[in-house]
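> Predicted structure and sequence below. I'll ask about it afterward.
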Amino acid sequence: MSTSTFDTTACLDGLLRSRCSVRAFRDEAVPRETVLEILRVASRAPSNSNTQPWQVYALAGPAIRELEAAIAAVFDSGQLPPPHHFPVPLPDEYGVRQADFAARYYQALGIDRSDAAARARQTRRNFGFFGAPVGLIFAIDACLKPHSWLDLGLFLQSVMLAARARGLDTCPQVSFAPYHAVIAPLLGMPDGQVTVCGLSLGYRDERAPVNSVETPRRGVDAFVRTLGF
């Protein structure tokens with residue numbers, strides 16, 4: 001292995017290992033050009049027949065506050081959209097890992113799992129992008145099939161890695177998806193687009209305990225079957 005190959009491998013591995021979902025950010029601005037550069041680089045992500053199905057809305061300052069207020073008003077009303085990102089019931093294999101994450105997450109926040117009010121307050125922080133200076137909303141044409149949604153996921157991962165390479169942190173947030181009816185008119189989305197998720201972008205607050213939460217990963221033997229090697 002050449003030195004340049006080793007350096008590239010070590011750099012990419014480091015980005016993958018250091019990427020995590022950050023839920024507390026410093027009050028430090030990210031320049032518009034940096035955001036555009038991240039999205040420009042990430043747009044090299046692959047897509048089926050180069051269809052590039054992603055659409056992005058980048059928000060900062062007053063735009064974030066306006067979106068937060070609009071969604072929070074619906075959230076606070078108690079008339080929540082039905083969750084749709086997991087099946088009900090969630091199969092045990094996945095439910096165990098989800099429950100493990102929840103336990104680690106709320107413990108770091110000092111919130112008892114039985115404290116519904118405190119949990120709701122924390123959920124509400126999603127809509128202000130956890131205090132990040134930049135919020136991204138990802139959308140896609142609703143007519144597209146699951147493979148195009150996969151393409152958007154590849155783009156999203158590329159955005160997170162490009163951000164990490166620049167010393168920034170992120171948190172992908174499916175919590176925005178149920179609020180499409182609120183988000184679309186505020187952002188001027190055309191008919192036929194649907195909100196996929198949000199993404200917080202900024203500099204992590206190293207002092208926040210929630211940013212020290214570690215989520216374990218399965219060993220490759222648990223999810224890989226090799227044949228013909």
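It's in.

> In this structure, where's the longest helix?
When the chain is parsed with DSSP state H, its longest helix is helix 146-165.

> What helices and strands are in contact with it?
helix 3-18, helix 32-42, strand 134-141, strand 169-173, strand 193-202 (3 or more C-beta pairs under 8 Å, 6 or more residues apart in numbering; DSSP states H and E). Bear in mind the C-beta positions are built from the backbone N, C-alpha and C, glycine included.

> Output the ones you listed as TSV; include the columns mean pLDDT and distance to residue 95.
Formatted as TSV, the helices and strands packed on helix 146-165 follow (pLDDT from 0 to 100; distance: least, C-beta to C-beta, whole Å):
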stretch	mean pLDDT	distance to residue 95
helix 3-18	87	26
helix 32-42	98	32
strand 134-141	98	26
strand 169-173	98	20
strand 193-202	98	21
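
> closest one to residue 74 among the ones you listed?
strand 193-202 (13.5 Å; C-beta to C-beta).

> Mind listing what's buried along the helix or strand following that closest one?
Where DSSP states H and E defines the elements, the next helix or strand beyond strand 193-202 is helix 220-223. Across helix 220-223, burial judged by 16 or more other C-beta atoms under 10 Å covers no residue at all.

> got it, and stretch 29-48?
Here stretch 29-48 shows 30, 34, 35, 38, 39, 41, 42, 45, 47 as buried, counting by 16+ other C-beta under 10 Å.

> Run through who's touching it.
Applying C-beta atoms under 8 Å, 6 or more residues apart in numbering, the contact partners of stretch 29-48 are 52-53, 56, 58, 60, 133-134, 136, 147-148, 151, 154-155, 157-159, 161-163, 166, 168, 201-203.

> Contacts only, for the closest residue to residue 126 other than its chain neighbours.
Leaving aside its chain neighbours, residue 126 sits nearest to residue 175 (4.2 Å; criterion: C-beta to C-beta, 6 or more residues apart in numbering). The contact partners of residue 175, taken as C-beta under 8 Å, 6+ apart, are 123, 126, 127, 198.
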